[in-house]
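A.B. asks: sequence below, structure please.
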Amino acid sequence: MEIAGRGRHEATKWLERVGIAGRIDTSIVRDPARATATARFFEGATSAATPDLLAERAPASCKRTIAQADEIVRGRFELLGHPDLRFGDPIDWHLDPNSGRRAPLVHWSRLDALRPIGDGDCKLVWELNRHQWLVRLGQAYRLTGDERFAISFTVRLQRWMDANPPGVGINWASSLEVGLRLISWCWALHLFSGSRALGPELTSLMVGGIATHAGHVARHLSYYSSPNTHLTGEALALFYAGTLLPGAPPARQWRALGSRILTEEIERQVLSDGVYFEQSTCYQRYTLETYLHFLALAERNRHAVPQRVRDRMGLMLDFLIALRGPDGTMPQIGDADGGRLLPLDSGDADDFSALFSTSAALLGRDDCAWAASNVSSETLWLLGAGGLAAFDALSAAPPTRSPSRLFPHGGYVVMSGGRSRRDHQLIFDVGPLGCSVSAGHGHADFLAIACSVFGRPCLVDPGTFCYTRDPRWREHFRGNSAHSTVTVDGESPVRSNGPFSWQEKPAARLVRWISKPDFDFADADHDAYIRLSESVIHRRRVLFVKPRFWVIVDDLSGTLEHTVEMRYQFAPGYQVDLERTPWIAARGPAGPGLFAIVFGTVPILPKLLEGSLDPIGGWVSPIFGKRLPAPALCYRASGRFPIRIATLLFPVERTTVPTPHVAPLVGGDSPLCGFAIDGGEQFILIDDRDVRLEGS
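C.D. replies: Below is the predicted model of the structure:
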């Protein structure tokens, strides 16, 4: 079936190239004015009360939106971590401003899907051409009534239509990008409704353009190329077009197709424990945003959505709330390109509060209201006064179940000391590389950890930085050695097969999980190193002695000589001191930090990398397109396997206090069978089965 489907798709592309197919007769859209009927669109975008609600409940967001729109009017854009981007005046819609390269004006099917402008960065071009900045101009117009925002919108949109005929160039090369632009145009139509600049002629052109976009998406759905967020984003675009263009004969088909895909895909792409199958918190948010728009627009138009869609959305939220750090930030696990379905307000990449706010109002969840803290401007733009009333009616409260959680299908263990903003938390990756299709957005982070101490991120996932722009940096950030885990013989446990694929698809395996009021314990391993000169198994056990400290025990099996490197990647702003041997002291930007001590069955030596280029190490990418130096603590040892390395991580309020008294225990079948803490008042005992605490 897949081969036949791919064949039909290639035939369709050929017919479009020669001009036999692919053109939508926009005259099929009868009465374009019906597309701006407020009853079918989101209450927040169409209600006259929304600007006053925003001024009252989100004044800072209003100021930020207007300031951003002012910059856009001046021709300055901030996209994917790149400030003050300029694409020329008039705008060159095919230009990568960083490299100066332009995408050729050829039929979209003749472009390389991954590198449509060679060494240029297509992500920046696509981000501009999503036209989400049009929505920002529309928001500013609704907030101020200032016609200059509407004039800027109309002039640039008409120029875009002239420069991007249907099917020609980079801006038609990705169906997802076409779909996201379609959604932006739908919002722009409603936000600029009533403006003198948006007359009947331009309205008609836009409605016809939306139909053209929908026709393109429907012909080129990513069933086989990207059956992930690409496919669900495209399906949402079809649902938008089918709902808002009732005068188009294909509207019913678009709406039904979009709804069917979204209903089917949520159970295929979201695992039964709520983890998105691509092992990425960024794409998990993106997916939830897609389904929130789908649900809100469906309810507005009395379109039935099966309960199982809401149920799976609820599981996704359960997972994100469990991963949410004590300070409210979200770890950036897996790929993160900074993209959003429709960012109705700007926020940091690790801030998911808007997602929780809208979820709380739409799904009636007290725990999401707690996670959001306050109603967001995005919720007001989407759901208006009705959404605000729904949010305010909730009793914001954290989940009642334990904050220490196992997500067995996605492969994540969360160890947490509580729900306060100053608790400690550790996330342990014990799952697959990524989705079964290509694992393309998954990182080689087998058995990696990330933790927060006294509420603040301490050991962190390094992020993404780039996709196709620089292969060397792409491989570093998604590679094993950038994460807080173990590398053997300098080899990655999996080998790259391009920027979005891996040659192998191994997975970690959870062996045991125990969670009690006074401790959490997880035992996991992976065999991704079977391709070395001998098969090496990496086993990692993590014990959280609540709420005081963590013990991490790494065992590596084998019989030959190997080199092992264990790395702990700290957040930017940490200061790591190696002078308090055998301890290291890591002080956080706000004061609290971490003491760490490492023992091994072979000599093991620490070194620090921070902003290193040779070798690459000590970098964190907080947002796509940006990287920051950050200390990476590396322990290196060589010896005959099997070996054991044990690490104690002690959160401390101040790193100036004396270090704990810790001594290794030697005896039995292992030269490292535990630790005595504080002169023998407590013992950590390690054997082949357990890592446990004894003593008072």
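
A.B. asks: spatially central residue for this structure, please.
C.D. replies: Nearest residue to the geometric centre of the chain (CA atoms, centre = their mean): Cys282, 0.9 Å.

A.B. asks: with adjacent residues omitted, what lies nearest to that residue?
C.D. replies: Ala336 (3.5 Å; CB to CB, 6 or more residues apart in numbering). For the C-beta atoms, the positions are set from N, CA and C on the backbone; glycine is no exception.

A.B. asks: give me phi/psi at the one you found?
C.D. replies: Summarising the backbone geometry of Ala336 under the convention degrees, to the nearest 10, its torsions are phi -150, psi 110.

A.B. asks: show me the residues around it that make contact.
C.D. replies: Taking CB atoms under 8 Å, 6 or more residues apart in numbering, we find Ala336 in contact with 280-283, 349, 463-464, 623-624.

A.B. asks: how about Leu556?
C.D. replies: Residues 486, 488, 536-539, 562, 564, 641-644 are the ones in contact with Leu556 under the rule CB under 8 Å, 6+ apart.

A.B. asks: partners of it in the sheet?
C.D. replies: When bridges are taken as DSSP bridges, the partners of Leu556 come out as His538, Ile643.

A.B. asks: per-residue confidence at it?
C.D. replies: In the predicted model, Leu556 carries a pLDDT score of 96.

A.B. asks: quick check: it vs Leu79, distance?
C.D. replies: Distance, Leu556 to Leu79, using CB to CB, to the nearest Å: 43 Å.

A.B. asks: where exactly do the helices run in the stretch 351-500 of the chain?
C.D. replies: Assigned helices in the stretch 351-500 of the chain, in chain order: 353-363, 366-372, 377-392, 471-478 (criterion: DSSP state H, counting those that start in this stretch).

A.B. asks: how about the shortest one: buried residues?
C.D. replies: For helix 366-372, the neighbour count (16 or more other CB atoms under 10 Å) marks 367-372 as buried.

A.B. asks: same deal with the longest one?
C.D. replies: By 16+ other CB under 10 Å, the buried positions in helix 377-392 come out as 377-384, 387-388, 390-391.

A.B. asks: what does stretch 310-318 give?
C.D. replies: The neighbour-count check on stretch 310-318 (16+ other CB under 10 Å) flags 312-313, 315-318 as buried.

A.B. asks: tell me the mean pLDDT for it?
C.D. replies: Throughout stretch 310-318, pLDDT has a mean value of 98.

A.B. asks: can you list contacts of that stretch?
C.D. replies: For stretch 310-318, the surrounding residues in contact (CB under 8 Å, 6+ apart) are 266-267, 270, 272-276, 284, 287-288, 291-292, 295, 356, 359, 363, 365, 367-368, 399.

A.B. asks: restricted to buried residues, select those in PyMOL.
C.D. replies: A single PyMOL command selects the buried members of the contacts of stretch 310-318 (16+ other CB under 10 Å):
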select buried, resi 266+270+273+274+275+276+284+287+288+291+292+295+356+359+365+367+368+399
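
A.B. asks: residue boundaries of the strands in the stretch 301-450 of the chain?
C.D. replies: Taking DSSP state E, counting those that start in this stretch as the criterion, the stretch 301-450 of the chain carries its strands at 405-407, 412-416, 425-429, 449-453.

A.B. asks: so the third one versus strand 449-453, what angle?
C.D. replies: Calculated by axes from the mean of the first three to the mean of the last three CA atoms, to 10 degrees, strand 425-429 forms an angle of 180 degrees with strand 449-453.

A.B. asks: strand 425-429 to strand 412-416, inter-axis angle?
C.D. replies: Compare the direction of strand 425-429 with that of strand 412-416 by the same axes, to 10 degrees and you get 170 degrees.

A.B. asks: check which helices and strands strand 425-429 is in contact with.
C.D. replies: strand 412-416, strand 449-453, strand 536-545 (3 or more CB pairs under 8 Å, 6 or more residues apart in numbering; DSSP states H and E).
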